[in-house]
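Colleague: sequence-free structure coming up:
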């Protein structure tokens, strides 16, 4: 590796697999680890992965505690215009899990009066956030995805919202759960990396490395190659 400062790459422990595999606050695997490692190799930079709670992303970036964080979207930040953003890298969508005994949910109105399991500090689509503010839908933050799945399985929640890939990964791990996806896609969005002001290299070089991985299909393969059911 070069003598340049290490690239401090943030990760949110709440993202879950297939994005992050975390143990004792250390990032051990998952898409974010693969992506950061590949970028570090291409730029000849050492990469240090830094745990970054969702609610502290902007603070960590501004203080230089992290240089960048991916799996991000400008709509989720209070002041997205303050930061440099990478090109769009891949897509995700927020979807609902329902109990098998639960009636279908075809739209927001079907959630009125219901309790929805959510992720602490996470900003959802504007109509859903407005429904929370007006108390049309009750937001209940769950400690982590496993807790949410257990509460939903016991019908202590009416539905659980999260990104599709982590939900699909968990359901593949736990096929015995009486849960299913709703057909209603709440929101589709592009995901990016955010760059802070303290990068040890130019933002243009980072853009170039990420674009090369995206356009070659490497990012799509990294997302697809992580199995839904981990090896026993």
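Modeller: Perfect, thanks for sending it. Everything quoted here is computed from the prediction, not taken from an experiment. Numbers count the residues shown, from 1 in each chain.
Colleague: domains for the chain, by residue range?
Modeller: According to automatic domain parsing, the chain comprises the domains 7-90+190-225, 93-188.
Colleague: number of nearby residues for the residue nearest to residue 151 when sequence neighbours are not counted?
Modeller: Spatial nearest neighbour of residue 151, chain neighbours left out: residue 157 (4.7 Å); criterion: CB to CB, 6 or more residues apart in numbering. Where C-beta positions appear, they are placed from N, C-alpha and C, glycine not excepted. Neighbour count of residue 157, defined by other CB atoms under 10 Å: 26.
Colleague: start the count at 801 instead of 1 going forward.
Modeller: Sure, I'll start counting at 801 from here, so that last one is residue 957.
Colleague: any regions of this structure where pLDDT drops low?
Modeller: 801-804, 1026-1032 (pLDDT under 70).
Colleague: okay, strands next: where are they in it?
Modeller: Taking DSSP state E to define them, one finds strands in the chain at 807-811, 821-823, 826-829, 847-851, 868-872, 884-885, 890-899, 915-919, 938-942, 959-963, 979-995.
Colleague: now those strands in a markdown table, with mean neighbour count?
Modeller: Formatted as a markdown table, the strands of the chain follow (neighbours: other CB atoms under 10 Å):
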| stretch | mean neighbour count |
| --- | --- |
| strand 807-811 | 24 |
| strand 821-823 | 16 |
| strand 826-829 | 14 |
| strand 847-851 | 18 |
| strand 868-872 | 23 |
| strand 884-885 | 16 |
| strand 890-899 | 19 |
| strand 915-919 | 21 |
| strand 938-942 | 16 |
| strand 959-963 | 24 |
| strand 979-995 | 17 |
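Colleague: reformat these as TSV; add distance to residue 1011.
Modeller: Below are the strands of the chain laid out as TSV (distance: least, CB to CB, whole Å):
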stretch	distance to residue 1011
strand 807-811	17
strand 821-823	26
strand 826-829	23
strand 847-851	18
strand 868-872	13
strand 884-885	13
strand 890-899	12
strand 915-919	29
strand 938-942	36
strand 959-963	23
strand 979-995	11
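Colleague: closest one to residue 838 among those strands?
Modeller: Residue 838 sits nearest to strand 847-851 of all the strands of the chain, at 9.5 Å, using CB to CB.
Colleague: the closest one pairs with which strands?
Modeller: strand 807-811 (parallel) (DSSP bridges).
Colleague: quick check: angle from the partner strand to strand 979-995?
Modeller: Interaxial angle of strand 807-811 relative to strand 979-995 (axes from the mean of the first three to the mean of the last three CA atoms, to 10 degrees): 150 degrees.
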